[in-house]
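# this is a predicted model, with the sequence first.
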Amino acid sequence: MTPRKVCALVTVACAMVSLAAFAQSPPRDLHLVDDHWTAWHPPMEFPPGAQIHTIVVGDTLWDLSGEFYGDPYLWPQLWEQNQYIEDAHWIYPGDPLVVSVEVVPVEELGAVDLGDDSSDERLRLGSGATAPQPLGSEDDIYCSGYVGELDEEFGYHLTGSEYQAMSPAVSGQANIESSEGLYGPVDTVKVDLSFGDIVYVDGGRAGGLSAGQQFTIVRPAQKLHEHTGELAGRLYRYQGRLRVLSVQEETAIAEIVDACDAIKVGDGLKPFVPEPVPLGRRVGQIPPNDPAPIEALGQSAEILAAKDNTVSLGQDHVVFIDHGEEDGVVPGDIYTIYRKNSEGFPPIVLGELAVLSVHQRASVAKILESRYTIYIGDLLDLK
């Protein structure tokens, strides 16, 4: 019999013990099921007459047991009826939950001595303030960017828009070639492109394009350096997203379906890859009287840049950090933000941030809390 069955049918104490082995960070292998992200493989069919609850943000098995069974301590029986959930700490908005089951009253499970080391947090599986919550939003990811090589090549570019043919023809000037300005032809009626605009791509059937493909619109930005002065790479900003409507042999017509900032002719294109927003169970940040030792920050990650070139950073700002996939970073990792103190004094705890999206050499993160103003170059320690 599995630990879950023993816990559901015999004693709550067993469930408490089995939870000790569960990971405190979320599962990493998320995938799309219908229209939502999940780590599990929910069933597609249910017993006749079963009552189904669709999980929403903030739900926990503890809270749902209280709602449907009248007693949150019966959460092991709810878990038993939904065995596709491999870790009761992590349930995902959009997943179905069978809640119409016959439950055993908690009194019949026997009195349980949980010992001095028991806690409400262990019983509630992350209820209340520690329930798994999204650590950011889709815009934080899809409107951020990445740190790459200095001169990356893009397979496709925006080569024009409908607005470049909207200027009226001037009599006697029909044979005069259009002049190129900083952003494109000077006779265009709209330079900053946005949601819904029709644009042209320098690739077609011959280049492997097909209708329905989506691309992230990318623009190279500034070079980035570590606080030591070492070159870290170039920042590439996401400007928005487009969808190919139709293709010709050498060109394609596309529509801008999302705009983070002004999009311009000449911007590069990368294939759009959907990413889930990582979940996390929030706990209090490191107290200021218990910082990491300064020695632990010698080779630590640091904040490289901020979205929109913001200088003074605080809660909810999106930033880029100089550790990525090659450093073992995964979405959902939480770091404490530090600043080195004067000689002989311990580091200062500034706040904490969560990693939202990971690339090879750097990652996108969001500041969750800040005690003081945070700046580029502040150091990070994995919590």
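Sure, I can see it. Numbers count the residues shown, from 1 in each chain.
# for the rest of this, base every contact and every neighbour count on C-alpha atoms.
Noted.
# where does pLDDT dip in the protein?
Scanning the chain for pLDDT under 70 picks out 1-24, 101-130, 167-187.
# outline the domain layout of it.
Domains of the chain are assigned by automatic domain parsing as 3-134, 139-169+179-271, 280-382.
# want to throw these into a markdown table with mean neighbour count?
Output for the domains of the chain, formatted as a markdown table (neighbours: other C-alpha atoms under 10 Å):
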| stretch | mean neighbour count |
| --- | --- |
| domain 3-134 | 16 |
| domain 139-169+179-271 | 18 |
| domain 280-382 | 19 |
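# spit out the contact partners of the closest residue to residue 198 other than its chain neighbours.
Excluding its sequence neighbours, the residue lying closest to residue 198 (C-alpha to C-alpha, 6 or more residues apart in numbering) is residue 255, at 4.7 Å. When contacts are counted by C-alpha atoms under 8 Å, 6 or more residues apart in numbering, residue 255 touches 195, 196, 197, 198, 199, 242, 243, 244, 245.
# closest one of those residues to residue 218?
Among the contacts of residue 255, residue 242 lies closest to residue 218 (C-alpha to C-alpha), at 11.0 Å.
# for beta bridges, what are the partners of that closest one?
Taking DSSP bridges as the rule, residue 242 bridges to residue 215, residue 256.
# my read: it touches residue 217, true?
Yes. Using C-alpha atoms under 8 Å, residue 242 makes contact with residue 217 at a distance of 7.2 Å.
# wait, isn't residue 26 in contact with residue 88?
No. The pair residue 26 and residue 88 fails to qualify as a contact (C-alpha under 8 Å) at a distance of 10.9 Å.
# could you check how far residue 53 is from residue 221?
Distance, residue 53 to residue 221, by C-alpha to C-alpha, to the nearest Å: 46 Å.
# could I get the full set of strands for the stretch 251-383 of the chain?
In the stretch 251-383 of the chain, the segments counted as strands under DSSP state E, counting those that start in this stretch are 252-259, 268-271, 279-280, 301-306, 318-321, 334-339, 348-358, 363-370, 379-382.
# could I get those strands in JSON lines, plus columns for distance to residue 93?
Formatted as JSON lines, those follow (distance: least, C-alpha to C-alpha, whole Å):
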{"stretch": "strand 252-259", "distance to residue 93": "24"}
{"stretch": "strand 268-271", "distance to residue 93": "27"}
{"stretch": "strand 279-280", "distance to residue 93": "10"}
{"stretch": "strand 301-306", "distance to residue 93": "30"}
{"stretch": "strand 318-321", "distance to residue 93": "24"}
{"stretch": "strand 334-339", "distance to residue 93": "21"}
{"stretch": "strand 348-358", "distance to residue 93": "17"}
{"stretch": "strand 363-370", "distance to residue 93": "21"}
{"stretch": "strand 379-382", "distance to residue 93": "27"}
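# tell me which of the ones you listed sits nearest to residue 40.
In terms of C-alpha to C-alpha, the element of these nearest to residue 40 is strand 279-280, at 14.1 Å.
# who touches the nearest residue to residue 250 once chain neighbours are set aside in this structure?
Closest residue to residue 250 apart from its sequence neighbours, by C-alpha to C-alpha, 6+ apart: residue 204 at 4.3 Å. Listed by C-alpha under 8 Å, 6+ apart, the contact set of residue 204 reads 210, 247, 248, 249, 250, 251, 252.
# show me where the stretch 51-200 of the chain has its strands.
Ranges of strands in the stretch 51-200 of the chain, per DSSP E, counting those that start in this stretch, are 52-54, 96-98, 133-134, 145-148, 156-161, 198-201.
# tell me which of the ones you listed sits nearest to residue 336.
Set against residue 336 and scored by C-alpha to C-alpha, the strands of the stretch 51-200 of the chain come closest in strand 133-134, at 18.2 Å.
# that closest one pairs with which strands?
strand 279-280 (antiparallel).
# ok, what's across the strand from residue 318?
residue 366.
# state the distance from it to residue 369.
In terms of C-alpha to C-alpha, residue 318 sits 12 Å off from residue 369.
# I'd like to know which of the strands of the stretch 251-383 of the chain lies nearest to residue 37.
Judged by C-alpha to C-alpha, the one of those that comes nearest to residue 37 is strand 279-280, at 10.5 Å.
# done for today, thanks.
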